[in-house]
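1. when you get a sec, could you give me coordinates for this:
(chains A and B)
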Amino acid sequence: DAGVIQSPRHEVTEMGQEVTLRCKPISGHNSLFWYRQTMMRGLELLIYFNNNVPIDDSGMPEDRFSAKMPNASFSTLKIQPSEPRDSAVYFCASSQKADNTGELFFGEGSRLTVL
Amino acid sequence: QKEVEQDPGPLSVPEGAIVSLNCTYSNSAFQYFMWYRQYSRKGPELLMYTYSSGNKEDGRFTAQVDKSSKYISLFIRDSQPIDTATYLCTFGAIYTQGGKLIFGQGTELSVKP
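-> Here you go, the predicted structure:
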């Protein structure tokens, strides 16, 4: 298996622009997670899905952030409009377990810079 | 008090040294104790996973959990340059509304040849 695949690996954009990050989880995994990692705050859970249904989105910072999982093999995280404080590495992870306590398999991350 | 405390380092050791990485936590509901390793510009990967107090060994790595003191450690024996990475202690709990994973801030380790 190729593992969790994220795109783009790097994104540089200007404040106010829309950003869309994409993720393909490992086939057969029922849960998908979006995390954000910064030096100041470490790794933070933004949202997670179980069987394509959002279970916990309490970590989504504000209405500018939205996430979708239209099918078992694809998810997007959208930021509109983007702001410089959104600059971070965004990780997608998937897991076989539904309760967010199993082994997470992370992608390589999307490094976002908002100027 | 923070839910999880982890010394951020950085920690630099010579090859062959024994490394001790430590975390404390305050939430008694944590039932799962993990260590993730993150190489530079990569995603974290699971290194060790345990449910109970005591020691768990896997090759050069030993995970230790002391629930009474709310303290977990990762020991690396005969450290190698390939161990250069950031190590994240990770805690899991299950609540009625689902599970929760909390990551420490990470300790940056450098093993010099």
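2. which secondary element of chain A has the worst mean pLDDT?
-> strand A:53-56 (a mean of 89; mean pLDDT, DSSP states H and E).
3. and the helix or strand just after that strand, what other elements does it pack with?
-> Helices and strands here follow DSSP states H and E; after strand A:53-56, the next one along the chain is strand A:65-71. Applying 3 or more CB pairs under 8 Å, 6 or more residues apart in numbering or on different chains; DSSP states H and E, we find strand A:65-71 packed against strand A:42-50, strand A:53-56, strand A:74-79. C-beta coordinates here come from the backbone N, C-alpha and C atoms, glycine included.
4. list the buried residues of strand A:65-71.
-> A:65, A:67, A:69 (16 or more other CB atoms under 10 Å in any protein chain shown).
5. and stretch B:20-39, by the same measure?
-> B:21-25, B:30, B:32-38.
6. per-residue pLDDT, the residue of chain B found nearest chain A?
-> Residue of chain B nearest chain A, by CB to the nearest CB: B:Gly43 (2.9 Å). pLDDT, B:Gly43: 96.
7. excluding chain neighbours, what is closest to it?
-> A:Phe106 (2.9 Å; CB to CB, 6 or more residues apart in numbering or on different chains).
8. wait, that neighbour sits on B:Glu45?
-> Yes - the criterion here is CB atoms under 8 Å, and A:Phe106 meets it with B:Glu45 at 6.9 Å.
9. flag every residue of chain A that's near chain B.
-> For chain A, the residues in contact with chain B (CB under 8 Å from any CB of the partner chain) are A:4, A:42-43, A:45, A:50, A:55-56, A:91, A:93, A:97, A:99-101, A:103-109.
10. the strands in chain B, which residues?
-> B:4-6, B:11-14, B:19-25, B:32-38, B:45-50, B:54-58, B:61-66, B:71-76, B:85-95, B:98-103, B:107-112 (DSSP state E).
11. export the ones you listed to JSON lines and tack on distance to chain A?
-> Shown next, in JSON lines, are these (distance: least, CB to the nearest CB, whole Å):
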{"stretch": "strand B:4-6", "distance to chain A": "9"}
{"stretch": "strand B:11-14", "distance to chain A": "17"}
{"stretch": "strand B:19-25", "distance to chain A": "12"}
{"stretch": "strand B:32-38", "distance to chain A": "5"}
{"stretch": "strand B:45-50", "distance to chain A": "5"}
{"stretch": "strand B:54-58", "distance to chain A": "14"}
{"stretch": "strand B:61-66", "distance to chain A": "14"}
{"stretch": "strand B:71-76", "distance to chain A": "16"}
{"stretch": "strand B:85-95", "distance to chain A": "4"}
{"stretch": "strand B:98-103", "distance to chain A": "3"}
{"stretch": "strand B:107-112", "distance to chain A": "11"}
